[in-house]
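Trainee: predicted model and sequence follow; I will ask about them next.
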Amino acid sequence: DTGVSQNPRHKITKRGQNVTFRCDPISEHNRLYWYRQTLGQGPEFLTYFQNEAQLEKSRLLSDRFSAERPKGSFSTLEIQRTEQGDSAMYLCASSSDAESTQYFGPGTRLTVL
Amino acid sequence: GEDVEQSLFLSVREGDSSVINCTYTDSSSTYLYWYKQEPGAGLQLLTYIFSNMDMKQDQRLTVLLNKKDKHLSLRIADTQTGDSAIYFCAESILGGGKLIFGQGTELSVKP
């Protein structure tokens, strides 16, 4: 068990570009979560999946954001037409139905110039 | 509503006990968690407590839950310089999947 992994770890992009992040959960976990953390704040929930179904989306997830988990394993988070306000750490977590504890990955730090 | 509050800073001397406090508003919380975050890193789960428990001890960590006052605390015994980090409390809500986090308490341990 290698834990939750996220790629890339860092991404620098120019305003207006699209970016995509990937999360690989712990292998036996069927739930996957995305959070966003800005400097000096706690993580804020964005969305979560149970298997391939997206069950909840925060109102923070504007129409420029889309998340997928097509085969119920890894997930991608895409941000279109990035804005400077999108600069943050994007955290992924996973859990199982049997144990609701969420285990976090190392995060992807996005900087929008 | 859903809101979790923490004090922002705590400074202690090495070897002392640290107590980090947290208050929450949602009475339908099921589990309450403590996570640790070191600079530039993700969140490391420290411990958690089910909402029908009052106390949980795990080595140097003691969690106390006062459900009536919606108050949660984390006590770290014999605090070490390696404990310096930001500590987040979080609640999970009955029927939901997400965690609601506080803004974090920065613990500074001085030698």
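Mentor: Yep, it's here. Bear in mind the structure is a predicted one, so any value in this text is a computation, not a measurement.

Trainee: now the nearest residue to residue A:26 once chain neighbours are set aside, which residues is it bridged with?
Mentor: Nearest residue to residue A:26, sequence neighbours excluded (C-beta to C-beta, 6 or more residues apart in numbering or on different chains): residue A:94, at 5.1 Å. Placement of C-beta: from N, CA and C, glycine included. Legend: beta-bridge partners of residue A:94 under DSSP bridges are residue A:32, residue A:103.

Trainee: repeat that for residue A:53.
Mentor: Here residue A:53, judged by DSSP bridges, has bridge partners residue A:50.

Trainee: what's the answer for residue A:57, then?
Mentor: Beta-bridge partners of residue A:57, as defined by DSSP bridges: residue A:47.

Trainee: thought it was touching residue A:46?
Mentor: Yes - contact criterion C-beta atoms under 8 Å: residue A:57 and residue A:46 qualify, at 7.4 Å.

Trainee: picking that back up, what's the burial count for the residue nearest to residue A:26?
Mentor: Using other C-beta atoms under 10 Å in any protein chain shown, residue A:94 is surrounded by 25 other residues.

Trainee: tell me the contacts of it?
Mentor: A:4, A:23, A:25, A:26, A:29, A:31, A:32, A:33, A:102, A:103 (C-beta atoms under 8 Å, 6 or more residues apart in numbering or on different chains).

Trainee: can you list phi and psi of residue B:82 for me?
Mentor: phi -70, psi -10 (degrees, to the nearest 10).

Trainee: now residue B:83
Mentor: Dihedral angles for residue B:83 - degrees, to the nearest 10 - are phi -80, psi -10.

Trainee: where do the strands sit along chain B?
Mentor: B:4-6, B:9-13, B:18-24, B:29-37, B:43-50, B:55-58, B:61-66, B:71-76, B:85-93, B:99-101, B:105-110 (DSSP state E).
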